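Colleague: I would like the atomic coordinates for the input below:
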Amino acid sequence: MSPAEKPNAEELRVDSARVAALYIEHADDLRRLLNGILRNSELAAEALQAAFVKAVEVGHTAKQETLKAWLFRVAVNEALVIKRRQKVDGEAIRRVAWSQSKNDSLPDDRLVRWETVEAVRLAMEGLPPEQRQVVRMRVYENKTFAVIANELGTPLSTVLSRMQLALRKLRGKLDK
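Modeller: Numbers count the residues shown, from 1 in each chain. Sure thing, here's the model as predicted:
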């Protein structure tokens, strides 16, 4: 096929009459499906529009007998793209809010935080050594109770009891 014989992008597109017929025939079903996925009528309308834009642009690549299934698949994919974009946007907003809250802290916040850390440190020093060791391994070293029991060579129930007693004592000292 010579370059002159190759169809251009306009010629490859599905004709507007066929897309209009597809829209009339399937738009309501697609809208219901997209509303179910996105739970937002505006986002569903956006996904529906994107699906029909794809139908115009690349609908010619689908087999005529599977065009309806192709259109539904495209619509679902567009809805999933929107959901991913929402998730990424939400994560970015949470990160910005978190960094702002850390930067906007009041001067008193550092003092309060320091006092809290100091109170916990003093309360920890007041614990019996066995309980303090279990709390440190669990909280500061992030070890599971099973690992702690294994490393200390004590039964799991003993480790759990030590932790429970330690937390009860810490709570009593820190709630004052």
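Colleague: When you work out contacts or count neighbours from here on, use the C-alpha atoms and nothing else.
Modeller: Noted.
Colleague: Spatially nearest residue to Glu125 (excluding sequence neighbours)?
Modeller: For Glu125, ignoring the flanking residues on the chain, the nearest one in space by C-alpha to C-alpha, 6 or more residues apart in numbering is Arg132 at 7.5 Å.
Colleague: Correct me if wrong: the one you found contacts Leu165.
Modeller: No - the criterion here is C-alpha atoms under 8 Å, and Arg132 misses it with Leu165 at 10.2 Å.
Colleague: higher neighbour count, the two?
Modeller: Arg132 (19 against 14; other C-alpha atoms under 10 Å).
Colleague: In which helix or strand does that one reside?
Modeller: Taking DSSP states H and E as the criterion, Arg132 maps to helix 129-135.
Colleague: now for that helix, which elements pack on it?
Modeller: Contact partners of helix 129-135 among helices and strands, from 3 or more C-alpha pairs under 8 Å, 6 or more residues apart in numbering; DSSP states H and E: helix 156-174.
Colleague: Grab the longest helix from the chain for me.
Modeller: When the chain is parsed with DSSP state H, its longest helix is helix 67-103.
Colleague: Show me what that one packs onto, helices and strands only.
Modeller: Checking 3+ C-alpha pairs under 8 Å, 6+ apart, helix 67-103 ends up next to helix 16-38, helix 41-58.
Colleague: Quick one: distance of the next helix-or-strand element following it to the chain centre.
Modeller: Beyond helix 67-103 in the direction of the C-terminus, DSSP H and E gives the next helix or strand as helix 107-125. Computed by C-alpha atoms, centre = their mean, to the nearest Å, the chain-centroid distance of helix 107-125 equals 33 Å.
Colleague: cool, and stretch 61-74?
Modeller: That offset, for stretch 61-74, works out to 31 Å (C-alpha atoms, centre = their mean).
Colleague: what's the span of that stretch, first residue to last?
Modeller: 12 Å (C-alpha to C-alpha, to the nearest Å).
Colleague: neighbouring contacts of it?
Modeller: Leu22, His26, Leu30, Ala51, Phe52, Lys54, Ala55, Gly59 (C-alpha atoms under 8 Å, 6 or more residues apart in numbering).
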